[in-house]
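Q: Requesting a structural model of the entry that follows:
(chains A and B)
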Amino acid sequence: MQTRMSTNAIVNTELFIRDKKNKPEKVNKTNSSGLLSRVSNDKIENEDPLPVQLKLMIREAFTDAG
Amino acid sequence: MLDKNAPAPSLDAPIPGQSLTAPLGDRPWQRPPRFPTAEQALNFYVDRLTSDRENGELMDLLELGVPIDSLVDTLQLGGVMEGLHSVDVGIIITPALAELVEQMAKSTDTEYTLTSEEIEETLPTKSEVALGIKHLKDNNMGSLIKEEEKEVIDEEPVEEKQPRGLMARRQ
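A: Numbering: from 1, shown residues only, chains lettered A, B, ... in the order given. Here you go, the predicted model:
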C-alpha cells in the first residue's frame, strides 16, 4: 500500500511536469472583475504543487552542476 | 470439522490493539517530527544521501536491481518510524528523492529502474509461464526433464541409518 502511494507520487509528479511542458502557457485574463481576482488567478495558474517544486529544484541543481 | 487444507495461522503477527498498549508519545512517530516542513526533511535526506559512504551503497543497490521507488519508499518510511518527519511530508518529498537518486545514478553511469512496475512488465506473467510449460509437455520435453531429475535422484548416495543410543545394538 505504502509502496503504491510512493510510486503513484513519483509517476504523477513526472506526468504533471511533462504535461505542463507540452501545454502552451496560460495568459491571465486582463479584463478580470477586479484587482483581487486577478492576483488570485496569477497565483493559482503559476504556482506548482509542492512536490513538483521540490522535484524541479533538485533537477535544476543537478543540471546547473553538470 | 477441522479443515486440514486450511493455511496454518500466523502466530508472529501482532495482537489486535497491541499498538495501543504503549503509553501515548512513547513511540517516535507519536511525537512531533524533527523536520516539520518538506524542505527541511528534503535537506536532511540530500545531505545524507550525497555523503560518500551512502552514495556508494545506494549505487550498489541500484546495480543489484532494486527499483528507485522501493528504495525511496523504504528510506522515507524509515524516517517516519524514527520520528524525523510525518507520513504526508514523506509522500510529498518522495518524487524529489526519486529525482535525486535518479540524477545521482545518471551522473555515475549506474543502470537503474525507476519503478517496480517496469520490472514486473519484463517478467513473464503466470499465464505465460503456464503456456511455456504446456508447450514443453506437448513437445515431450517434460518427460526428458523428469528423466533427468530421476537420474539425479538415483545418483545420490543413500546412507544407511545407524542405530544410535545407549540401547542400540553394536555392529
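Q: Quick one: residues contacting B:F44.
A: Listed by CB atoms under 8 Å, 6 or more residues apart in numbering or on different chains, the contact set of B:F44 reads B:F35, B:L84. All C-beta spots, glycine's among them, are computed from the backbone N, C-alpha and C.
Q: how about 6 Å then?
A: B:F44 makes contact with B:F35, according to CB atoms under 6 Å, 6 or more residues apart in numbering or on different chains.
Q: hey, where'd the strands end up in chain A?
A: Applying DSSP state E to chain A gives no strands.
Q: need the residues of it near chain B, please.
A: Proximity of chain A to chain B is confined to A:3, A:6-7, A:9-10, A:13, A:50-51, A:54-55, A:58-59, A:62 under the rule CB under 6 Å from any CB of the partner chain.
Q: Mind checking which of the residues you listed are buried?
A: A:T3, A:S6, A:T7, A:A9, A:I10, A:T13, A:L50, A:P51, A:L54, A:K55, A:I58, A:R59 (16 or more other CB atoms under 10 Å in any protein chain shown).
Q: farthest-separated two in the residues you listed?
A: Across those, no pair lies farther apart than A:T3 and A:R59, at 23.2 Å, counting by CB to CB.
Q: how many neighbours does B:A38 have?
A: 21 (other CB atoms under 10 Å in any protein chain shown).
Q: Just the pLDDT for it.
A: On pLDDT, B:A38 comes in at 95.
Q: same check, this time on the one 5 residues further on
A: Per-residue pLDDT puts B:N43 at 95.
Q: least trustworthy helix or strand in chain A by mean pLDDT?
A: Ranked by mean pLDDT, DSSP states H and E, the weakest helix or strand in chain A is helix A:35-46, scoring a mean of 57.
Q: And the helices in the chain?
A: By default, I'm working from chain A. Counting by DSSP state H, chain A has helices at residues A:2-22, A:35-46, A:50-65.
Q: look at chain B instead
A: B:38-49, B:52-63, B:68-81, B:87-107, B:116-122, B:126-138, B:141-155.
Q: Buried deepest among those helices, which one?
A: helix B:87-107 (a mean of 22; mean count of other CB atoms under 10 Å in any protein chain shown).
Q: and the gap between B:L131 and B:N139?
A: 13 Å (CB to CB, to the nearest Å).
Q: Hmm, I typed the wrong one, I wanted B:I91.
A: According to CB to CB, B:I91 and B:N139 sit 50 Å apart.
Q: What of A:N22?
A: Applying CB to CB, the value for A:N22 to B:N139 is 50 Å.
Q: quick one: which of these two has more around it?
A: For A:N22 versus B:N139, neighbours defined as other CB under 10 Å are more numerous around B:N139 (10 against 7).
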